[in-house]
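[1] Below: sequence and its predicted model.
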Amino acid sequence: MLLHEILVAAAREVPDRTALIVPATQPHAHPATPAPAHTSWTFAELAAHARALAAFVAARTSPGGRVGILAHNRAEYVAAYYGVPWAGRVLVPLNPRLHPREWADQLARSDAELLLGDADLTAELGWTGGPTIDPAEAITTPAPDFVAATDETAPTWLLFTSGTTGRPKGVRLTHRSLSASMRTSLACRPVDPDTVVLTPFPLAHVAGYQVLAHHLARRPAVVLHRYRPAELASIVREFAVTSLSLAPTMIDALLDHVHEGDGLRERIRSISYGASPITPELIRRVHELLGCDLGQGYGMTELSGNAVFLTAADHRPELYAAAGRPGPGVEIRIVDDAGRPLPIGATGEISVRSEQVADGYWRLDTGEFADGWFRTGDLGRLDPAGYLYVLDRKKDVIITGGENVSAREVEAVLREHPDVRDVAVVGEPDARWGERVVAVVVPAPGRAVDPDALVTLCRSRLAGFKIPRRVLLTDALPVTGTGKVNKPALREQVAAC
């Protein structure tokens with residue numbers, strides 16, 4: 001299935017149904033930038049705007065050319081999701097939270113021919129590699145007809161990874177891989193006839209595929225400019241939101257703003273989460289304060305979205321540590337360093353085979369894509385019932401005195417302490433042991449963290465070499481746009497302490 005076929009069919013079947021809502025919230029932008037107006041487009045309007053944008057870029061770029069987009073979340077961004085691939089071009093989303101040097105690097109590496117962008121961001125960039133156009137102009141400028149894309153295997157989006165383990169890599173997503181990802185998600189997270197999903201994730205991330213998945217189900221998506229938990233209740237009421245897509249850090253922040261009579265408990269039926277582990281305590285608070293279903297998704301850019309799901313029915317204490325089971329059409333196996341499959345219960349690298357696996361990295365062959373399988377770089381294991389447990393990133397394993405320490409295992413123990421709101425564990429160089437374990441802790445509100453108490457807790461649960469040698473306190477952990485802890489940035493902070 002081609003991406004634009006979703007819109008063409010929806011515009012034919014339910015032309016007047018709302019497809020996209022962008023509430024009028026001031027984005028994180030230059031102070032001189034006026035607050036955007038509330039935007040609501042029907043499927044017919046979104047299809048018309050996407051087609052106009054397709055004609056615009058087709059007239060200004062070569063077939064298969066790359067089109068960058070540097071913008072805050074806005075309605076025209078979703079039009080570009082569809083419109084650029086519709087024209088047979090490749091959309092290159094740039095994360096607005098990155099440094100201008102990083103934007104310039106990704107535009108140069110992708111050989112972009114055109115840049116769609118918000119003026120406050122493109123002014124910081126100062127790009128001279130091609131025309132720079134506001135997306136609103138691209139959907140309103142008359143353009144001649146164009147030749148629509150017909151190849152499902154052709155690249156649609158070139159998404160750069162978050163760079164949590166090194167320099168971001170460009171991932172080639174195709175019509176086929178994104179369509180497969182949508183079908184998998186809809187099979188594992190069924191969409192009701194009245195579902196209205198809200199997502200605050202930057203559209204520059206693969207999490208944006210959820211917007212398209214709901215369009216495939218002919219349901220609207222509410223896309224926020226910026227996540228402000230204090231404003232969420234009013235947005236939920238105004239736009240009849242029934243489902244939220246959040247990272248655990250976002251859920252935690254939201255629960256601090258849940259109040260009696262705000263309507264959230266009555267209106268929110270489900271919250272889907274991913275990007276980082278969730279704690280049993282946070283699950284308990286969600287059930288207590290909101291009483292809604294929870295669903296976890298495990299995936300990544302290279303998988304065009306989520307591929308493994310822990311359903312609402314699976315949210316039982318004995319499965320809280322699981323990522324879930326593979327969706328339809330997704331195969332998971334655990335392999336050793338040589339890529340050989342390991343038996344059930346063994347720990348190794350998670351490898352995935354599915355139509356939703358991306359087409360590879362842009363101008364880079366590092367060996368992760370081979371024989372139809374993608375090696376994720378995550379360590380995990382499968383249990384006899386088929387549940388996947390994600391243990392850590394391979395590159396986050398700390399080697400101290402010749403022993404391997406999973407940062408995630410230590411973090412899980414530390415999160416059990418009531419004084420800990422959040423925590424991340426990294427290794428720092430040590431002349432004697434190679435590395436030593438360091439825990440960076442965010443205290444719970446109103447609590448005073450005693451580092452010795454945390455070490456004592458770890459000593460009661462973990463082997464001696466896994467116990468943190470330093471415990472540092474911080475107000476907040478550095479995170480990426482999707483809510484993952486930015487471990488390289490954290491290691492720099494630790495080195496400076």
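    That came through, no problem.

[2] for the chain, what are the low-confidence residue spans?
    In the predicted model, the chain carries pLDDT under 70 at residues 25-37, 163-166, 481-483.

[3] Now do the domain split for it, please.
    1-393, 401-496 (automatic domain parsing).

[4] ok, Arg219 - contacts?
    By CB atoms under 8 Å, 6 or more residues apart in numbering, the residues touching Arg219 are 191, 195-197. Bear in mind the C-beta positions are built from the backbone N, C-alpha and C, glycine included.

[5] quick one: which of the residues you listed is most hemmed in?
    Val197 (23 neighbours; other CB atoms under 10 Å).

[6] so what strands line up beside the stretch of helix or strand Val423 belongs to?
    Per DSSP states H and E: Val423 is located in strand 420-430. Applying DSSP bridges to the sheet, strand 420-430 is found paired with strand 434-443 (antiparallel).

[7] Restrict the strand it pairs with to CA atoms and write it as CSV.
    C-alpha atoms of strand 434-443 as CSV (Å, rounded to 0.1, in the frame of the first residue of the first chain):
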residue,chain,number,x,y,z
GLY,A,434,37.9,-0.5,33.4
GLU,A,435,34.6,1.0,34.2
ARG,A,436,32.6,1.6,37.4
VAL,A,437,28.9,1.8,37.9
VAL,A,438,27.4,5.3,38.5
ALA,A,439,23.7,5.9,39.3
VAL,A,440,22.1,9.3,38.5
VAL,A,441,19.0,9.8,40.5
VAL,A,442,16.0,12.1,40.3
PRO,A,443,14.4,12.4,43.8
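
[8] Tell me the gap between it and the middle of its chain.
    Its chain's C-alpha centre and that of strand 434-443 lie 25 Å apart, by CA atoms, centre = their mean, to the nearest Å.

[9] quick revisit: single out the most deeply packed of the domains of the chain.
    Among those, ranked by average contacts under mean count of other CB atoms under 10 Å, first place goes to domain 1-393 (a mean of 19).

[10] who's the residue nearest to Arg470 when sequence neighbours are not counted bridged to?
    Spatial nearest neighbour of Arg470, excluding adjacent residues (CB to CB, 6 or more residues apart in numbering): Val438 at 4.6 Å. Going by DSSP bridges, Val438 is paired in beta bridges with Val426, Arg470.

[11] I'd say Val438 and Glu428 touch.
    Yes: with contact defined as CB atoms under 8 Å, Val438 and Glu428 form a contacting pair (5.2 Å).

[12] still on that earlier bit, how about the residue nearest to Arg470, what does it touch?
    By CB under 8 Å, 6+ apart, the neighbours of Val438 are 425-428, 468-472, 494.

[13] so how far is Arg469 from the residue of the chain most remote from its centre?
    Centroid-distance maximum for the chain: Arg432 at 38.1 Å, with CA atoms, centre = their mean. To Arg469, Arg432 is 11 Å away according to CB to CB, to the nearest Å.

[14] sorry, back to before: hmm, which two among the contacts of Val438 are most spread apart?
    Within the contacts of Val438, Gly427 and Val471 form the most distant pair, 14.3 Å apart (CB to CB).

[15] and the gap between Thr128 and Ala104?
    From Thr128 over to Ala104 (counting by CB to CB), the distance is 10 Å.

[16] so what sits against both of Val438 and Glu428?
    470, 494.

[17] just checking, what's the longest helix in the protein?
    For the chain, the helix that runs over the most residues, judged by DSSP state H, is helix 43-58.

[18] Now do whatever helix or strand comes next after that helix against helix 43-58: the angle between them, please.
    Moving toward the C-terminus from helix 43-58, the next helix or strand (DSSP H and E) is strand 66-70. Relative orientation of strand 66-70 versus helix 43-58 (axes from the mean of the first three to the mean of the last three CA atoms, to 10 degrees): 120 degrees.

[19] Sheet partners, orientation included, of strand 66-70?
    When DSSP bridges is applied, strand 66-70 pairs with strand 90-93 (parallel), strand 112-117 (parallel).

[20] separation between the closest residue to Arg447 other than its chain neighbours and Pro443?
    Excluding the flanking residues, the one nearest Arg447 by CB to CB, 6+ apart is Asp419, at 4.1 Å. Using CB to CB, we find Asp419 at a distance of 6 Å from Pro443.

[21] Check Gly380 too.
    From Gly380 over to Pro443 (counting by CB to CB), the distance is 30 Å.

[22] swap in Pro488?
    Taken as CB to CB, the span from Pro488 to Pro443 is 24 Å.

[23] same deal with Ile344?
    Taken as CB to CB, the span from Ile344 to Pro443 is 40 Å.

[24] in the stretch 201-350 of the chain, which spans are strands?
    Assigned by DSSP state E, counting those that start in this stretch, the strands in the stretch 201-350 of the chain fall at 221-223, 243-246, 270-273, 293-300, 305-310, 325-326, 331-335, 348-353.

[25] So which of these is nearest His287?
    Of all those, strand 293-300 sits nearest to His287, with 8.0 Å by CB to CB.

[26] That closest one vs strand 348-353, what angle?
    Using the same axes, to 10 degrees: strand 293-300 against strand 348-353 is 90 degrees.

[27] other SSEs contacting strand 293-300?
    helix 175-188, strand 270-273, helix 280-289, strand 305-310 (3 or more CB pairs under 8 Å, 6 or more residues apart in numbering; DSSP states H and E).

[28] Check whether Arg167 sits in a helix, strand or coil.
    Three-state assignment for Arg167 (DSSP: H, G, I helix; E, B strand; the rest coil): coil.

[29] quick revisit: state the distance from the residue nearest to Arg470 to Val423.
    Using CB to CB, Val438 is found at 11 Å from Val423.

[30] Val455 now?
    For Val455 relative to Val423 (CB to CB), the value is 13 Å.

[31] can you check Leu94 too?
    31 Å.

[32] swap in Ile278?
    From Ile278 to Val423 the distance is 13 Å (CB to CB).

[33] give the contact list for the residue nearest to Leu178 when sequence neighbours are not counted.
    Nearest residue to Leu178 in three dimensions, chain neighbours excluded: Ser304, at 5.1 Å (CB to CB, 6+ apart). Neighbour list for Ser304: 173, 177-178, 180-181, 206, 209, 356-358 [criterion: CB under 8 Å, 6+ apart].
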